[in-house]
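> this one's structure only:
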């Protein structure tokens, strides 16, 4: 007889945050798609007056990257350089994994602080073509870094600081 374990409160919080991050990511991908589509139509149909489409696509991509970074980092789905995995023991790899997580949390909080300082500094000015104030983009950056730190802290607490089990065979074979 198998027992089904109910997710903890932290796991439920992480699931809600993950859904919100995915929703924001989808919204930003739509922004990228609309901006790029307008650029293509403008170029090939000789349309005028949609100069803001490039900025829309670019800023949507930047915000997409910042807001989904926490989701990817907490699930080890981000780009990593695991060249040291073939050299260290499993315990060494786990120590490097834990130290890297803590460093990313600290650096993310520092970047979030800097982003919030930019928002609160009264920076004036608008984006060139869109005429949107710059402050929302600084706020999106700060929110993205806060989400990275929060997602990783939740992940560490849920996993109790233990690195998830993963197969290193393809990495080791690639080094050999």
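Sure, I can see it. Bear in mind that the values here come from a model prediction, so they are computed numbers and not experimental data.
> what does stretch 101-109 rub up against?
Under the contact criterion CB atoms under 8 Å, 6 or more residues apart in numbering, stretch 101-109 has outside partners 73, 145-146, 148-149, 152-153, 155-156. Bear in mind the C-beta positions are built from the backbone N, C-alpha and C, glycine included.
> Could you pull out the buried residues of stretch 24-37?
Neighbour counts over stretch 24-37 (16 or more other CB atoms under 10 Å) mark 24-25, 28, 31-32, 35-36 as buried.
> Closest to the centroid, which residue in this structure?
Central residue of the chain (CA atoms, centre = their mean): residue 69, 0.9 Å from the mean position.
> Am I right that that residue is in contact with residue 149?
No - using CB atoms under 8 Å, residue 69 is not in contact with residue 149; the gap is 10.3 Å.
> so where do the strands sit in this protein?
Taking DSSP state E as the criterion, the chain contains no strands.
> Quick check: the nearest residue to residue 31 once chain neighbours are set aside vs residue 93, distance?
Distances taken as CB to CB, 6 or more residues apart in numbering put residue 60 closest to residue 31, at 3.2 Å, once the chain neighbours are dropped. As judged by CB to CB, to the nearest Å, residue 60 and residue 93 stand 36 Å apart.
> Of all the helix elements in the protein, which one is longest?
Using DSSP state H, we find that the single longest helix of the chain is helix 9-45.
> So which of the contacts of stretch 101-109 wins on neighbours?
Highest neighbour count within the contacts of stretch 101-109: residue 148, with 27 neighbours (other CB atoms under 10 Å).
> Show the contacting residues for that one.
69-70, 73, 104-105, 108.
> what about 6 Å?
Listed by CB atoms under 6 Å, 6 or more residues apart in numbering, the contact set of residue 148 reads 69-70, 73, 108.
> related to what we said a few turns ago, which two in the contacts of stretch 101-109 are spaced the farthest apart?
The distance between the two most remote of the contacts of stretch 101-109 (CB to CB) is 16.6 Å, for 145 and 156.
> still on that earlier bit, looking at the contacts of residue 148, which are in helices?
The helices, defined by DSSP H, take in 69-70, 73, 108 from these.
> For the closest residue to residue 113 other than its chain neighbours, the count of nearby residues, please.
Spatial nearest neighbour of residue 113, chain neighbours left out: residue 142 (7.9 Å); criterion: CB to CB, 6+ apart. Residues within reach of residue 142, counting by other CB under 10 Å, total 21.
> ranges for the helices of the protein?
Ranges of helices in the chain, per DSSP H, are 9-45, 52-74, 90-120, 135-158, 169-175.
> counting contacts, what elements does the first one pack onto?
The reference is to helix 9-45. Judged by 3 or more CB pairs under 6 Å, 6 or more residues apart in numbering; DSSP states H and E, the packing partners of helix 9-45 are helix 52-74, helix 135-158.
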